[in-house]
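J.: coords below, sequence missing:
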């Protein structure tokens, strides 16, 4: 494992006398123009400096084509910026002597098994917090609408084959991170969502914040998610992350997240009350493992010397200053938090357009205002890096057209296909047509798309059709079918 980055880096702040006074009027104009250029329906930004909110704004509309305006109290999904709240909750339990970051996970979740028995035995809370379990992403457990229960997800993890050696690489893993919520519940006796409401939201006065996606439904002043579909910005469904809540289920406003930033910049203290001991807080933001810079293309412009991960925080440098940062992205909504601790400076961004990466530009623009930047046009410079890649383009009419017929008679595709981790797909042939029941989804008609590719027409409104790609065996039969990147093998009768 690479360890050069593990040393704590404390970088000196430039002398205050050298800092120009921030031009917030110019920044406001930049934000407004960038929102138009990136076609973001609703946007929220808050900036804190020295324990004060120095800029806060909500703009745009909650939903394209409708008049309701966004403001600084509009709630958005904060996505994976939730992870830092979970690490803070664990830190509070560490301070109470109820657990340690290096405790074995099976001490609290004894039913957990991984494919590697040694990894099962040695896995610690620290490993969960730093994405170094060796497991690839398993987001289909919660994002696929396949209706797994939390207990089923834990059980099925034993069938996931590692894609890296244990503790050798950083590999983002929401399901494994979500196990931290189970640990918090079993140690504290409170569900994760109740714990962070009582121990974080209440003392910080975060009254506009909801811990679960299920809690935001029906509430006022909530942003509607959007995505780029073809060349249009369209509404997409809210996706629940409640199955991995501690990895990313919180909804909040920039007004409330300004309170969270002030708390973190004060090393776990609100007012004169310390909620996390200083030495425990320091461990949260200490680099633990090198993170891959290619995961964040905006770093091509920021050019940090190091990029690492702590407990739910990316840690990097920018213009001689240390930065704690994290993004959050979930189905038409995205967020970013960026803190420059030596300057007591923080910026939080919320957007209701899928992966609107100008969020990085807003963060660096704020840093430049206080850190001797050259007034770079981050919006213009980021545009070529994040050239639009239309999402859900497979729903376009051209993608629905069959370009070549199936190579086999339709009845040959029928059968049961299984994967140990995800379950089974049952394909039936009746009255000259195919149907597929994918895992827990109800049966759906299969429409030929191109040769061995078929599209399952969902029976539930708002769901995207699944694409099934069959693999012929070369002798008139089929060996497997691939759905959402998972290969299900045909059961031979």
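T.: That came through fine. The shown structure was predicted, so the numbers you read here are calculated from the model rather than taken from an experiment.

J.: For residue 128, give me its contacts.
T.: 105, 176, 177, 179, 180 (C-beta atoms under 8 Å, 6 or more residues apart in numbering). Glycine gets a C-beta too; all of them are placed from N, C-alpha and C.

J.: between the residues you listed, which is closest to residue 83?
T.: Nearest to residue 83 among the contacts of residue 128 is residue 177, at 6.2 Å by C-beta to C-beta.

J.: and that closest one, what does it touch?
T.: 83, 86, 128, 129, 131, 244, 246, 247, 312.

J.: Looking at the contacts of residue 128, which one is closest to residue 414?
T.: For the contacts of residue 128, the nearest to residue 414 is residue 176 (36.2 Å; C-beta to C-beta).

J.: Out of the contacts of residue 128, give me the one that has the most neighbours.
T.: Using other C-beta atoms under 10 Å as the neighbour test, the contacts of residue 128 are led by residue 176, with 27 neighbours.

J.: and that residue, what helix or strand is that in?
T.: Assigned by DSSP states H and E, residue 176 belongs to helix 174-188.

J.: what is the mean pLDDT for that helix?
T.: For helix 174-188, the mean per-residue pLDDT is 98.

J.: same question, stretch 445-455
T.: 94.

J.: Next, the distance between the ends of that stretch.
T.: By C-alpha to C-alpha, to the nearest Å, the extent of stretch 445-455 from end to end equals 8 Å.

J.: C-terminal to the lowest-mean-pLDDT helix or strand in the chain, what's the next element?
T.: Lowest mean confidence among the helices and strands of the chain (mean pLDDT, DSSP states H and E): helix 397-400, at a mean of 42. Of the helices and strands lying after helix 397-400 in sequence (DSSP H and E), the nearest is strand 415-419.

J.: Partner strands of that next one and their direction?
T.: strand 423-430 (antiparallel), strand 486-490 (antiparallel) (DSSP bridges).

J.: any chance you could map the helices in the stretch 201-350 of the chain?
T.: 202-204, 213-216, 245-248, 254-265, 278-284, 299-302 (DSSP state H, counting those that start in this stretch).

J.: What residues sit buried inside the third one?
T.: Using 16 or more other C-beta atoms under 10 Å as the test for burial, helix 245-248 gives 245, 246, 247, 248.

J.: And for the fifth one?
T.: Within helix 278-284, the residues that count as buried by 16+ other C-beta under 10 Å are 280, 281, 283, 284.

J.: So which residues make contact with it?
T.: By C-beta under 8 Å, 6+ apart, helix 278-284 touches 84, 87-88, 91, 94-95, 101, 267-268, 276, 310-313.

J.: and what of the shortest one?
T.: Among residues not part of helix 202-204, those counted as contacts by C-beta under 8 Å, 6+ apart are 256, 259, 260, 263, 270, 273, 275.

J.: Likewise for the last one?
T.: For helix 299-302, contacts defined as C-beta under 8 Å, 6+ apart pick out 293, 307, 316, 318, 360, 364, 376, 378, 381, 382, 385.

J.: after the helix or strand hosting residue 454 comes which helix or strand?
T.: Using DSSP H and E, residue 454 sits within strand 453-456. With elements assigned by DSSP H and E, the helix or strand that comes after strand 453-456 is strand 466-472.

J.: Who are the packing partners of that following strand?
T.: Judged by 3 or more C-beta pairs under 8 Å, 6 or more residues apart in numbering; DSSP states H and E, strand 466-472 is in contact with strand 433-438, strand 444-450, strand 453-456, strand 478-483.

J.: So in that sheet, which strands flank that strand, and in what orientation?
T.: strand 453-456 (antiparallel), strand 478-483 (antiparallel).

J.: quick one: which of the ones you listed is nearest residue 154?
T.: strand 478-483 (22.6 Å).

J.: what sits against residue 111?
T.: 151, 154, 155.

J.: and if we set it to 10 Å?
T.: Residue 111 makes contact with 151, 154, 155, 158, according to C-beta atoms under 10 Å, 6 or more residues apart in numbering.

J.: Save the strands paired with strand 466-472 as a markdown table, and put in mean neighbour count and distance to residue 218 too.
T.: Shown next, in a markdown table, are those (neighbours: other C-beta atoms under 10 Å; distance: least, C-beta to C-beta, whole Å):
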| stretch | mean neighbour count | distance to residue 218 |
| --- | --- | --- |
| strand 453-456 | 23 | 30 |
| strand 478-483 | 18 | 33 |
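
J.: what residue ranges in the stretch 251-400 of the chain are flagged as low confidence?
T.: 373-374, 388-400 (pLDDT under 70).

J.: what does the stretch 1-150 of the chain give?
T.: Using pLDDT under 70, the stretch 1-150 of the chain drops low at 1-19.

J.: And the helices in it?
T.: Counting by DSSP H, counting those that start in this stretch, the helices of the stretch 1-150 of the chain are 24-37, 83-95, 117-122, 125-129, 140-143, 150-156.

J.: Need these in TSV (columns: distance to residue 109).
T.: Output for the helices of the stretch 1-150 of the chain, formatted as TSV (distance: least, C-beta to C-beta, whole Å):
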stretch	distance to residue 109
helix 24-37	43
helix 83-95	14
helix 117-122	10
helix 125-129	10
helix 140-143	15
helix 150-156	7
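
J.: mind checking which of these is nearest residue 165?
T.: helix 117-122 (9.1 Å).

J.: quick check, nearest of the contacts of helix 278-284 to residue 190?
T.: residue 88 (14.8 Å).

J.: who touches that closest one in this structure?
T.: 196, 199-200, 260, 263-264, 268, 275-276, 280-281, 284, 311-312 are the contacts of residue 88 under C-beta under 10 Å, 6+ apart.

J.: do residue 339 as well
T.: 48, 84, 261, 264-265, 285, 313, 322-326, 345-348, 363, 367.

J.: Which one of the strands paired with strand 415-419 lies nearest to residue 417?
T.: strand 486-490 (3.6 Å).

J.: Any idea how far that closest one is from the middle of the chain?
T.: How far strand 486-490 lies from its chain's middle: 27 Å, per C-alpha atoms, centre = their mean, to the nearest Å.

J.: Run through who's touching it.
T.: 138, 140, 144, 413-425, 427, 438-439, 468-471, 473, 477-482.

J.: would you turn the contacts of helix 202-204 into TSV with neighbour count and distance to residue 44?
T.: Formatted as TSV, the contacts of helix 202-204 follow (neighbours: other C-beta atoms under 10 Å; distance: C-beta to C-beta, whole Å):
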residue	neighbour count	distance to residue 44
256	24	10
259	24	14
260	27	13
263	21	18
270	16	22
273	8	27
275	19	25
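
J.: Now the two most distant members of those.
T.: Applying C-beta to C-beta across the contacts of helix 202-204, the maximum distance is between 256 and 273, 17.9 Å.

J.: tally of neighbours for residue 106?
T.: 16.

J.: residues touching the closest residue to it other than its chain neighbours, list them.
T.: Leaving aside its chain neighbours, residue 106 sits nearest to residue 112 (5.8 Å; criterion: C-beta to C-beta, 6 or more residues apart in numbering). Contact analysis of residue 112 by C-beta under 10 Å, 6+ apart lists 104, 105, 106, 120, 123, 154, 155, 157, 158, 176, 179, 182.

J.: now the fourth one: how far from residue 178?
T.: Counting by C-beta to C-beta, to the nearest Å, the gap from residue 120 to residue 178 is 17 Å.
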